[in-house]
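*Asks:* please find the sequence and the predicted model below.
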Amino acid sequence: MTDSRHVRAPGAGRTETIVPEPRFAALWATLVYTIATLTLGFPALAGRFLVTTHSDQYIAGYAFREFAAESLRSGNGFPLWNPFLQGGMPYVAAMHGDIFYPTFLLRTFLPTDVAMTWGFVLHVILAGLFTYGFLRAAGLSFYAALVGGLAYLMSGPISGYVSPGHDGKLFVSALLPLACWFLTIGMRTGRTWTWGALALVTGLAVLSPHPQLLQYMLLAAGSYALWLALGRHGDGTSLPRPLAMRRLGFALGAVLLGFAMGAVQYLPVQEYVPWSPRAGGTGWDHAVSYSMPLEELVSTYVPQFSGILDAYWGRNIIHFHSEYFGAAALFLAVAGAFWSDRSGGKGFSRFWLGTFVVSLLWTLGGSTPFYRLVYAIVPGTTYFRAPSTMMYVTMFAVAVLAALGTERLLGGHLSRRYIVGWATAAALVALLATAGALTNIAVGIANGYPVPPEYVQRSVEGASANHGALVLGAWRSLIFVLAAAGIAWAIGLRRLTPRAAGMLLVLVLTADYWSVLRNYWQFVESADVVYAADPTIEAMQQESEPYRVLPMALAQRFGLPGAVFRDPFLDGDALMSHDVPNVVGYHGNELGRYQQLVGNPKGADLLSNVALRTMLNVRYLLTDVGPAESLDPSTPDVTLPMIIPGAQHVVGPVRNAAGSEVHLYRFSDGAEAAWVTPAIVKAPDDGVLATVRDPRFDSTVRRRVALFDTSAAVTAQPADLPLPEPSAIRATVRRISPSHLRVQLSDPVAEGSALVVSENYYPGWKATVQGRDVPVHRANYTLIGVPLPAGASTVDLEFGSAPYETGKLVTLLAIAAALALTVFGVSRGRAAAGV
């Protein structure tokens, strides 16, 4: 069952048999990676949902994807408008996850939660398999490549993505080794198909869509392409300069073609940028937020140092991912970093060592001066935060170096000094942890945090409480270092065959990673249970006209007993999965003007500002406080109906799916989905924002005048003229589809009137009055305004996106071109080989 093939390891100047390679090697690697992943993800086989309360998927991601999946399953294509969050926003342009990434196909025939879970599981497997393929193409032996792929897929930076629910990051992280794989073949052989394949990989990364990690992938892969073109190969040769430049040109062309594949997503995004809350970029403080603190480098070896999940005591406040490189993998990687021979092949290990150093400095962000250089010269950096997300490139470099170290180990090239040195150092760390030295260091670091005293105290207490876990973690890391060292020692004494050593390394690494990462793979019941409807939701679903609800976790806000942490119905977007529109909600890239209009992101201003609340058509309050409960323990008479007059209790108490005891209130202060004004006034944004947020701009005033943007091509009366009396015309609104509203007016309107619809304006809204096109403008700072012709009685509003339509065509053409290039290249290669 074996095939003794001669393999050339990068850094080896000769060809030698290191270990017999099994038949069907790629299938064996796939099986190993699948089993390793399922040691963490086996509950997926029973249909459980891979989310935790920490996960973005729990509070928002499921609702985003279920919305699109329902549209696709019903034959309506991809939705373009999301009316269920923050006054409405463009679905594609504002980005709602992996809209066009191939994982959407899973959601067309699987339940959304099942598809999301398997999207994570499959990409973790693929991350390892693509790394294996890259390492084999680079010349490593079977077991070295197998170990490298395993180290990448099971490491904290990769398999830890499941905890915060960062699927887009995982997609790009899995594609990085695939891009390097195709670059290795393309730059070394010039095979045509590789450029088409590289274009497809780039296009997939663009559609992930995670622009920050896409940038990091292109920087890493581009640097590797330059090394392939200009550096020396394992046999000491290098490409002739003209040939190298030509192949670099092909690689660049493939990347550009890949970018064209992403047009369906990024042409709408490009239009959206001026409308987003990040339109002007962000400052230094935002850019370096969630940098990796220097002290947390210890966690790459002892992951318990800074605390796992809720035990985290570090300066980033929240920490739901993992930086764990793997104790055994580090033992191998350090050995691989110094692989060299006299033929010049050491360039491969040097390149990945350099990649490790640069990417790690980048990951540290504001913790070192290095990021000042990045911030100054790398385009797009001002729009991003969390430079620590570069960690996946660092981990990929570690995995490559670990594979090289495995090559050295299997060849019996690790010295006794190296083995004993590692064992001694690991034992010393364990002893220091046991003696309390590491805990004292942690407490000292926490005491020096430049944050408010209450957080310093919390961090100090957390670091102290973490002592027991830290001690166990240090001894755990020692055990796996000793296991790897023991294998190296045994093979040096010829007590193990290289094949047996390779198998044992796979088992050791799997156990090492599993013992840590199992904490991050947490499952819940299916989405039907997690997001089940309750009587409060069913009551709101009886509404015939568009409306909005303000969900607020008031029990948590006022420190009342019974509050549930991160209830997705009160703190997230779970209501969206029941077609219940939320006036706030969780997104992060909502329309910037709407964000400014609402003020407090949780909607607190809407409790007291009746005028703003009615303009935004908020008819319900969903909360976890009953009508008789006191909001202030020291003042029993302070109840919710007292501080919010007009809030009438409708339903409750009801135990919702998240465990909160919730109540539904209905506001009785005249919220409307649309209204007619007899006058139009044009005014600058600053003045309009101040006006519509003024509590005096109530329903009586706003029914007298519509405040249009100064750029609107409408006939408006001078601002200093007296306003006419409010219009008596009533507007009845029906939502035909998420992107189609029909407004029926009780009477024909007079010339100069306007219709204001309580839905966010964005380019793409089109209006027709009795079948005739009329313009649509921005009114009342962010809402839809339609100047009405005399006699208008029915208005249809539909949202479309020209950038989406153009992008869709460009994407389809680019995919066709990349596929054609790939197929042509494969056919040409087979013909040349006489196949």
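*Replies:* Right, received. Where do you want to start?
*Asks:* report how many residues lie close to residue 787.
*Replies:* When counting by other Cβ atoms under 10 Å, one arrives at 25 neighbours for residue 787. For every residue, glycine as well, the C-beta is placed using N, CA and C.
*Asks:* wait, is residue 718 part of a strand?
*Replies:* No: counting by DSSP: H, G, I helix; E, B strand; the rest coil, one finds residue 718 to be coil, located in no strand.
*Asks:* beta partners for the residue lying closest to it once chain neighbours are set aside?
*Replies:* For residue 718, the nearest residue in space outside its immediate sequence neighbours is residue 681; the separation is 7.9 Å by Cβ to Cβ, 6 or more residues apart in numbering. Beta-bridge partners recorded for residue 681 (DSSP bridges): residue 707.
*Asks:* residue 681 and residue 711: what is the separation?
*Replies:* Per Cβ to Cβ, to the nearest Å, residue 681 is found 14 Å from residue 711.
*Asks:* quick check: domain ranges of the chain?
*Replies:* The chain breaks down into these structural domains: 280-516, 533-667, 674-800 (assignment by automatic domain parsing).
*Asks:* circling back: the more surrounded of residue 681 and residue 711?
*Replies:* Between residue 681 and residue 711, residue 681 has the larger neighbour count (other Cβ under 10 Å), namely 22 against 8.
*Asks:* which stretches in the stretch 651-800 of the chain count as strands?
*Replies:* Assigned strands in the stretch 651-800 of the chain, in chain order: 661-667, 674-677, 680-682, 706-708, 731-737, 740-745, 754-760, 765-769, 772-774, 777-779, 783-787, 794-799 (criterion: DSSP state E, counting those that start in this stretch).
*Asks:* what sits up against the fifth one?
*Replies:* The list of residues contacting strand 731-737 from outside it, by Cβ atoms under 8 Å, 6 or more residues apart in numbering, reads 76, 83, 544-546, 672-676, 741-746, 755, 757.
*Asks:* find the nearest non-adjacent residue to the residue most central in space within the chain, please.
*Replies:* Nearest to the mean C-alpha position of the chain, by Cα atoms, centre = their mean, lies residue 166 at 4.1 Å. In space, and not counting its chain neighbours, residue 166 is closest to residue 56: 6.9 Å by Cβ to Cβ, 6+ apart.
*Asks:* output the below-cut-off pLDDT ranges for the stretch 701-835 of the chain.
*Replies:* Confidence mapping of the stretch 701-835 of the chain against pLDDT under 70 gives the ranges 829-835.
*Asks:* mind running it again at 90?
*Replies:* Across the stretch 701-835 of the chain, the ranges flagged by pLDDT under 90 are 713-725, 727, 751-752, 770-771, 827-835.
*Asks:* cool, the stretch 1-150 of the chain as well?
*Replies:* In the stretch 1-150 of the chain the weaker segments, taking pLDDT under 90 as the threshold, are 1-22, 53-54.
*Asks:* what about the strands in it?
*Replies:* For the stretch 1-150 of the chain, applying DSSP E, counting those that start in this stretch gives strands covering 2-3, 21-22, 81-82, 89-90.
*Asks:* which parts of stretch 801-820 are buried?
*Replies:* Using 16 or more other Cβ atoms under 10 Å as the burial criterion, the residues of stretch 801-820 that qualify are 801, 803, 804, 807, 808, 810, 811, 814, 815, 818.
*Asks:* tell me, how many neighbours does the nearest residue to residue 135 once chain neighbours are set aside end up with?
*Replies:* Once flanking residues are discounted, residue 135 sits nearest to residue 145: 3.7 Å by Cβ to Cβ, 6+ apart. Using other Cβ under 10 Å, residue 145 has 29 neighbouring residues.
*Asks:* identify the residues contacting residue 145.
*Replies:* With contact set as Cβ under 8 Å, 6+ apart, residue 145 has these partners: 29, 131, 132, 135, 136, 403.
*Asks:* cool, and residue 291?
*Replies:* Shown in contact with residue 291 (Cβ under 8 Å, 6+ apart): 363, 364, 365, 366, 367, 371, 386, 387, 388.
*Asks:* which one of these is nearest to residue 447?
*Replies:* Of all the contacts of residue 291, the one with the least separation from residue 447 (Cβ to Cβ) is residue 367, at 17.7 Å.
*Asks:* pLDDT score assigned to residue 602?
*Replies:* The predicted local confidence for residue 602 comes out at a pLDDT of 82.
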